[in-house]
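Novice: Test case, fold it:
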Amino acid sequence: MSKTQLFDLDGKIAFVSGASRGIGEAIAKLLAQQGAHVIVSSRKLDGCQHVADAIIAAGGKATAVACHIGEMEQISQVFAGIREQFGRLDILVNNAATNPQFCNVLDTDLSAFQKTVDVNIRGYFFMSVEAGKLMRENGGGSIINVASINGISPGIFQGIYSVTKAAVINMTKVFAKECAQFGIRCNALLPGLTDTKFASALVKNEAILNTALQQIPLKRVADPSEMAGAVLYLASDASSYTTGVSLNVDGGFLS
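Specialist: Below you'll find the model as predicted:
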């Protein structure tokens, strides 16, 4: 039996936001390992360059680019650069997100609300619009939105973050329906509790962690690398008939 080529990304150009650490870093490294040229992006160039250098050292192809997806001008600039340098984009992974406040919903601060909406909803939306335009010109592509189980079951003291992640799940369906005619697929990954700096308020708090683990059938926190395989599936030809889906990778939390 011959080795499957379903997960082969040779010749593909992939953009991963929030890729300087955590889940984004794991995704960027796996996509590169499968042959994609990965544009590693986050707000600060240093962290991106570190990941890109590691990919290159392992024999892969990568470029580091700074982009704050909460800033519309930066989104425009980064896609102008992609168009100029590569002339195409095959895979977009919207992974950069923010969760600046951990409090009761009644204590939500307006600036925290606005920042969360600007990055998690407006940022994902217009990153997808710009990527979709490039993909439409080149016959298709795959957009993967990293949402969260909080979009289905709101996290305690994570009100506006949970609301934005619910919006991302619906946004995924919108792009899936309207962009299918252009050969563009759009799916969402819903990570469960994962050991990242982003989730440190939950993972490092023993009381919160113990409560969370009681609700996770697999009884453990995920490693960032355990999210990357699902994204590879959604990015590759293995999922050629899959669009508009929200894939839970949560240790059974939502089951």
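
Novice: can I assume Ala96 is in contact with Asp118?
Specialist: No: Ala96 is beyond contact range of Asp118, at 11.6 Å (criterion: C-beta atoms under 8 Å). Every C-beta, even on glycine, is put in place using the N, C-alpha and C of the backbone.

Novice: Pairing partners for Arg185 in the sheet, please.
Specialist: Arg185 has these beta-bridge partners by DSSP bridges: Ser142.

Novice: From the rest of the structure, what touches stretch 162-182?
Specialist: Residues outside stretch 162-182 that contact it (C-beta atoms under 8 Å, 6 or more residues apart in numbering): 94, 97, 116-117, 120-121, 124-125, 128, 132, 135-136, 140, 143, 145, 147-148, 150-152, 154-155, 184-188, 190, 243-244, 246.

Novice: Count the residues that sit near Val174.
Specialist: When neighbours are defined as other C-beta atoms under 10 Å, Val174 has 13 of them.

Novice: Wait, a strand at it?
Specialist: No: Val174: not assigned to a strand; according to DSSP: H, G, I helix; E, B strand; the rest coil it is helix.

Novice: pLDDT score for it?
Specialist: On pLDDT, Val174 comes in at 99.

Novice: Quick one: residues contacting the most centrally placed residue in the chain.
Specialist: The centroid of the chain falls nearest to Asn95 when counting by C-alpha atoms, centre = their mean (2.5 Å). Contact analysis of Asn95 by C-beta under 8 Å, 6+ apart lists Val16, Ser17, Gly18, Ala19, Ile23, Gly24, Ile27, Val146.

Novice: okay but the fifth one is in contact with Pro224, surely?
Specialist: Looking back up the chat, that one is Ile23. Yes: here Ile23 reaches Pro224: they are 4.7 Å apart, a contact under C-beta under 8 Å.

Novice: Among these two, which residue is more densely surrounded?
Specialist: Ile23 (30 against 20).
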